[in-house]
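1. Fold the stuff below for me.
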Amino acid sequence: MSEFTHLQCSKCSEVHDASVVQTVCKKCGKPLLARYDLEAVKEAVTRKDLVGRESTMYRYFELLPIKDRKNIVTLGEGWTPMTPVRTVGEEIGLKDLWVKDEGIIPTASFKARGLGMAISKAKELGISSVALPSAGNAAGAMSAYGARAGMDVYVFMPKDAPKVNIIECQIVGAKVVLVDGLISDAGKLVKGGMDEMQWFNMGTLGEPYRLEGKKTMGIEVAEQFDWTLPDVIVYPTGGGTGIIGMWKVFDELEELGWIGSERPRMVSVQTEGCAPIVKAYDEGKEESTFWDDAETKASGLRVPKALGDFLVLRSARESGGKCIAVSDEELMSD
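-> This next block holds a predicted model:
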């Protein structure tokens, strides 16, 4: 069974009731984090118990926020392979370089983990209508999982979002609104329509559960490397839920005794055309400022200001990692 107990603010530590619908901290407006009775998890399951379990992210059910398995909305996401890339590694001077291939899971991106979990928890909490501002992949994932759950789905996307992402939303029945602006402008429209339309806002870190789906990447990496974490994790960063989720779950795994105290150096990568977190890192700041005139070919990284930016910065600094920016040319090169 899940040992999910409560929600806690990532900034001020205020505790929130997890049995009702929550968004962000009522006290300071920062993201909420799911907390678990890890002593109960320790008694209920060991690393060896995972052998033979389903090859999805729900193999770690005790560490996930869904209370009743009947509420799980899944398309088989998770348990993606770790692939050695020796040729590339040799070219850049790395002897042991691996890629975790998230492109093979449903909707073709790691966003399926987060939105699959968030939709499942929304179902459990009785939510029937959801909305999301997105530059592409998250919209496709929510549309698919929302359709699977029988929910009304609304996605707000910049009008220059990739056409393939727009079509993948429409084809499963989502209502798509194209916005003349950035994802931040789409987010304002979602928030503005909440009272009238009665939808729940699934925006990045505006609810606590997408993060819990994303953190399963970190558990998988640990398990696939026989519970020894890699030296470095390099991760593309827009809203930051992936890197935040992995950093969170490493602490949970250590408390369970499944891994030691060693941590990877967490490297957050943005593009030069939209690098608010990198700028804050270079300037020694705890949070970023809004990035004006954001522009990059990587639509998912065009996030001018992330709600959880301070958590990304914290993971980079605490781990001895860094935040770096690359050009679109470097990003698109072979």
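
2. helix or strand for Leu33, which one?
-> strand 32-36 (DSSP states H and E).

3. List the pairing partners of that strand within its sheet, with orientation.
-> strand 4-9 (antiparallel) (DSSP bridges).

4. Buried residues, the strand it pairs with. List them.
-> Going by neighbour count (16 or more other C-beta atoms under 10 Å), the buried part of strand 4-9 is Phe4, Leu7, Gln8, Cys9. For glycine as for every other residue, the C-beta is placed from the backbone atoms N, C-alpha and C.

5. so after it, what's the next helix or strand?
-> Counting by DSSP H and E, what follows strand 4-9 is strand 15-16.

6. which stretches of this protein form strands?
-> 4-9, 15-16, 32-36, 82-84, 98-100, 129-133, 152-158, 175-179, 200-201, 232-236, 265-271, 322-326 (DSSP state E).

7. Return the set of buried residues in stretch 139-146.
-> Buried, per 16+ other C-beta under 10 Å, within stretch 139-146: Ala139, Gly140, Ala141, Met142, Ser143, Ala144, Tyr145, Gly146.

8. Let's see which of those residues end up in helices.
-> Ala139, Gly140, Ala141, Met142, Ser143, Ala144, Tyr145, Gly146 (DSSP state H).

9. and the gap between Met117 and Ser2?
-> The spacing between Met117 and Ser2, counted by C-beta to C-beta, to the nearest Å, is 12 Å.

10. Compare these two (neighbour count), which wins?
-> The residue with more neighbours, out of Met117 and Ser2, is Met117; 32 against 20, by other C-beta atoms under 10 Å.

11. got the contact list for that one?
-> Met57, Leu64, Pro65, Ile66, Tyr209, Arg210, Glu212, Gly213 (C-beta atoms under 8 Å, 6 or more residues apart in numbering).

12. dump the residue contacts of the fifth one.
-> Pointing back at Tyr209 there. Ala34, Pro65, Gly114, Met117, Ala118, Ser120, Lys121, Ala122.

13. Tell me which residues touch the last one, please.
-> It stands for Ala122. Val130, Ala149, Met151, Phe200, Met202, Tyr209.

14. ok, Gly103 - how many residues close by?
-> 10.

15. now what about stretch 66-76, what contacts it?
-> Residues from elsewhere that reach stretch 66-76 (C-beta under 8 Å, 6+ apart): 1-2, 4, 56, 58, 61, 105-107, 112, 116-117, 119-121, 123-124, 144-145, 148-149.

16. And those residues, which of them are buried?
-> Counted by 16+ other C-beta under 10 Å, these give 2, 4, 56, 58, 61, 105-107, 112, 116-117, 119-121, 123-124, 144-145, 148-149 as buried.

17. With distance to Cys25 as added columns, please give the contacts of Ala122 in JSON lines.
-> Converted to JSON lines, these look like this (distance: C-beta to C-beta, whole Å):
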{"residue": "Val130", "distance to Cys25": "21"}
{"residue": "Ala149", "distance to Cys25": "27"}
{"residue": "Met151", "distance to Cys25": "25"}
{"residue": "Phe200", "distance to Cys25": "17"}
{"residue": "Met202", "distance to Cys25": "17"}
{"residue": "Tyr209", "distance to Cys25": "15"}
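
18. closest to Ala44 among these?
-> Nearest to Ala44 out of the contacts of Ala122 is Tyr209 (C-beta to C-beta; 21.0 Å).

19. Next one: the closest one relative to Asp160, how far apart?
-> 29 Å.

20. again, but for Ala294
-> Applying C-beta to C-beta to Ala294 and Asp160 gives a distance of 12 Å.

21. more neighbours, the two?
-> More neighbours surround Ala294 than the other of Ala294 and Asp160, with 19 against 14 (other C-beta under 10 Å).

22. Centroid-nearest residue for the protein?
-> Thr241 (3.4 Å; C-alpha atoms, centre = their mean).

23. Let me see the contact set for Val234.
-> Going by C-beta under 8 Å, 6+ apart, Val234 touches Val267, Val269.

24. Show residues contacting the helix or strand of the chain with the lowest mean pLDDT.
-> None of the helices or strands of the chain scores lower by mean pLDDT, DSSP states H and E than helix 328-332, at a mean of 92. Applying C-beta under 8 Å, 6+ apart, the contact partners of helix 328-332 are Thr271, Glu272, Gly273, Thr296, Lys297, Ala298.

25. how much distance is there from it to the middle of the chain?
-> 23 Å (C-alpha atoms, centre = their mean, to the nearest Å).

26. do the same with stretch 309-328
-> Stretch 309-328 has its C-alpha centroid displaced from the chain centroid by 15 Å (C-alpha atoms, centre = their mean).

27. For that stretch, C-alpha coordinates in CSV please.
-> Taking Å, rounded to 0.1, in the frame of the first residue of the first chain, the C-alpha atoms of stretch 309-328 are listed here in CSV:
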residue,chain,number,x,y,z
ASP,A,309,13.5,27.5,-9.8
PHE,A,310,14.9,27.8,-6.3
LEU,A,311,14.7,24.0,-5.9
VAL,A,312,16.6,23.5,-9.1
LEU,A,313,19.3,25.9,-7.9
ARG,A,314,19.4,24.2,-4.6
SER,A,315,20.0,20.8,-6.1
ALA,A,316,22.8,22.1,-8.3
ARG,A,317,24.6,23.9,-5.4
GLU,A,318,24.1,21.2,-2.8
SER,A,319,25.4,18.5,-5.2
GLY,A,320,28.4,20.4,-6.4
GLY,A,321,26.8,20.5,-9.8
LYS,A,322,26.1,23.5,-12.0
CYS,A,323,23.6,25.2,-14.3
ILE,A,324,24.8,25.8,-17.9
ALA,A,325,23.3,27.2,-21.1
VAL,A,326,23.9,26.0,-24.6
SER,A,327,23.1,27.5,-28.0
ASP,A,328,20.3,26.2,-30.2
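
28. Alright, calling it a day.
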